[in-house]
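Chemist: The following block contains a protein sequence and its predicted model.
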Amino acid sequence: MLWNNDTSLNAALNIEEHLMFITNSIMLATKEAVPTPTPTSKIYPL
């Protein structure tokens, strides 16, 4: 995911688009960096 640096951020729409880009980038990076939890408790029959 790359941002186009040639665009200006003077309109509210452009700012909103940039905000969504940053938010999505952070969410994607977090998903890649944080491992998916695995269940640690097991059920054993009695």
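Modeler: Received the coordinates, thanks.
Chemist: Please, where are all the helices along this protein?
Modeler: Assigned by DSSP state H, the helices in the chain fall at 12-33.
Chemist: Spatially central, which residue of it would that be?
Modeler: Nearest to the mean C-alpha position of the chain, by Cα atoms, centre = their mean, lies M27 at 1.3 Å.
Chemist: so who does it touch?
Modeler: Residues near M27 by Cβ atoms under 8 Å, 6 or more residues apart in numbering: none. (C-beta placed from N, C-alpha, C; glycine too.)
Chemist: Against P35, how distant is it?
Modeler: 16 Å (Cβ to Cβ, to the nearest Å).
Chemist: now do A12
Modeler: 38 Å.
Chemist: low-confidence ranges in this protein?
Modeler: When residues are selected by pLDDT under 70, those of the chain lie in 1-10.
Chemist: repeat that with 80
Modeler: 1-13, 35-46 (pLDDT under 80).
Chemist: what about I15, neighbour count?
Modeler: 11 (other Cβ atoms under 10 Å).
Chemist: scratch that, T36 is what I was asking about
Modeler: 5.
Chemist: what do you get for P35?
Modeler: P35, neighbours per other Cβ under 10 Å, totals 7.
Chemist: Check the one 4 residues further on too.
Modeler: Close neighbours of P39, defined as other Cβ under 10 Å, add up to 6.
Chemist: do the same with E32
Modeler: E32 - counted by other Cβ under 10 Å - has 8 other residues nearby.
Chemist: Can you tell me how far it is from T38?
Modeler: Relative to T38, and taking Cβ to Cβ, E32 is found at 17 Å.
Chemist: what's the answer for M27, then?
Modeler: 21 Å.
Chemist: One more: E16?
Modeler: Taking Cβ to Cβ, one finds E16 at 37 Å from T38.
Chemist: So for these two, which sits in the more crowded spot?
Modeler: Neighbours per residue (other Cβ under 10 Å) separate E16 from T38, with E16 holding more: 11 against 5.
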